[in-house]
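In: fold the following, please.
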Amino acid sequence: MSEEASWFTEAHLPSGSSIGFRVTRKLDEVRTPFQHIEVYETTDWGNLMVIDGCVMLTSRDNFLYHEMMSHPALYTHTAPKKVVIIGGGDCGTLREVLKHREVEGVVQCDIDEQVTRLAERHFPELCESNGDPRATLMFDDGVALMAGMAPESVDLVIVDSTDPVGPAEGLFGAKFYESCIRALRPGGILVQQSESPLAHLDLIRTMRSYMRGAGFAATRTLPFPQPCYPTGWWSCTLARKGVTSFEFRERGAETKQFPTRYYNAAIHRAALATPEFMRSALGD
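Out: Below is the predicted model of the structure:
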């Protein structure tokens, strides 16, 4: 952070761009065995969490990411009861998943407990469902968790991870996807954050190739806006076990009994429309 200008700035070399937030003070800082976590107070974006110099979330726009990481997959599955979240330490995705009353249990496994403890302190609105009796919070290696998961024991796996470096690198590999498809029941869905379509199309292509190689019947990448991330445009990629369609329960989405700030049935339909440059690159 530049003390003179009082801005936190993240440079993103692959896209030749950067993003900055005007900050008033540093609220917290923790160095763990896994990463360096900082939390800042900003003038316009609420609180800002940074891990290893990369923006993770802000109070102002995190709802875009958390809603798109959860609701499209949950409404695509016919009856999601058992959910596993790998990563997700800020607990925003967990909160969105637990809005679905048909969900009977969620296991969230993040390797670094301090992410959750800092979120509880500085983003309490994201952690309001942590005490839900359906939620189990674990702090362990997500790759190992999925490798040891009982076959056909879960309906949905959400990989809410940091970028594919450091602790999260193994979550983007072929062996991890093989463990996920083994753990999923027929019709199950894997959804993973898949970076920016504008800057990381090669990564998305590789992810989808690994997913299909692991045995998933079909993949689909859904782009969505995310102002605090590189290029301001992000995505999640869905992979289905034994099903090739990405039709979703539109009536359920239209009549949902809980509040959202971005997601609705029309947004879901729009996200399924693949932009032309992605269509040609990914074969959709």
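In: average pLDDT across the helix or strand harbouring Lys26?
Out: Assessed by DSSP states H and E, Lys26 sits inside strand 17-31. The average pLDDT within strand 17-31 is 96.
In: any idea of the angle the helix or strand following that strand forms with strand 17-31?
Out: Sequence order places strand 36-42 as the next helix or strand after strand 17-31, per DSSP H and E. Counting by axes from the mean of the first three to the mean of the last three CA atoms, to 10 degrees, strand 36-42 lies at 120 degrees to strand 17-31.
In: name the helices or strands packed onto strand 36-42?
Out: Secondary-structure packing of strand 36-42 (3 or more CB pairs under 8 Å, 6 or more residues apart in numbering; DSSP states H and E): strand 17-31, strand 47-51, helix 113-122. C-betas here are computed from N, CA, C, even on glycine.
In: out of the ones you listed, which is the most enclosed?
Out: strand 47-51 (a mean of 22; mean count of other CB atoms under 10 Å).
In: picking that back up, quick one: the strand holding Lys26 to strand 47-51, angle?
Out: Put simply, strand 17-31 runs at 80 degrees to strand 47-51, going by the same axes, to 10 degrees.
In: and strand 17-31, which strands flank it?
Out: strand 7-12 (antiparallel), strand 36-42 (antiparallel) (DSSP bridges).
In: put the alpha carbons of that strand into CSV.
Out: Coordinates of each C-alpha in strand 17-31 appear next as CSV, following Å, rounded to 0.1, in the frame of the first residue of the first chain:
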residue,chain,number,x,y,z
SER,A,17,-3.9,-3.6,-15.6
SER,A,18,-4.3,-2.8,-12.0
ILE,A,19,-7.1,-1.9,-9.5
GLY,A,20,-6.9,0.4,-6.5
PHE,A,21,-9.0,1.2,-3.5
ARG,A,22,-8.7,4.3,-1.4
VAL,A,23,-8.1,3.2,2.2
THR,A,24,-8.3,4.9,5.6
ARG,A,25,-6.5,2.4,7.7
LYS,A,26,-5.4,-1.2,8.1
LEU,A,27,-7.7,-3.1,10.3
ASP,A,28,-5.9,-6.4,10.7
GLU,A,29,-2.9,-8.4,9.5
VAL,A,30,-2.1,-12.0,10.0
ARG,A,31,0.7,-14.2,8.6
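In: okay, domains of this protein per the record?
Out: 7-58, 62-282 (automatic domain parsing).
In: looking at those domains, which is buried most?
Out: Between those, domain 62-282 has the highest mean count of neighbours, a mean of 19, where neighbours are mean count of other CB under 10 Å.
In: against which helices or strands is the lowest-mean-pLDDT helix or strand in the chain packed?
Out: Scoring the helices and strands of the chain by mean pLDDT, DSSP states H and E places helix 276-282 at the bottom, with a mean of 90. On a contact count with 3+ CB pairs under 8 Å, 6+ apart, helix 276-282 meets helix 201-214, strand 218-225.
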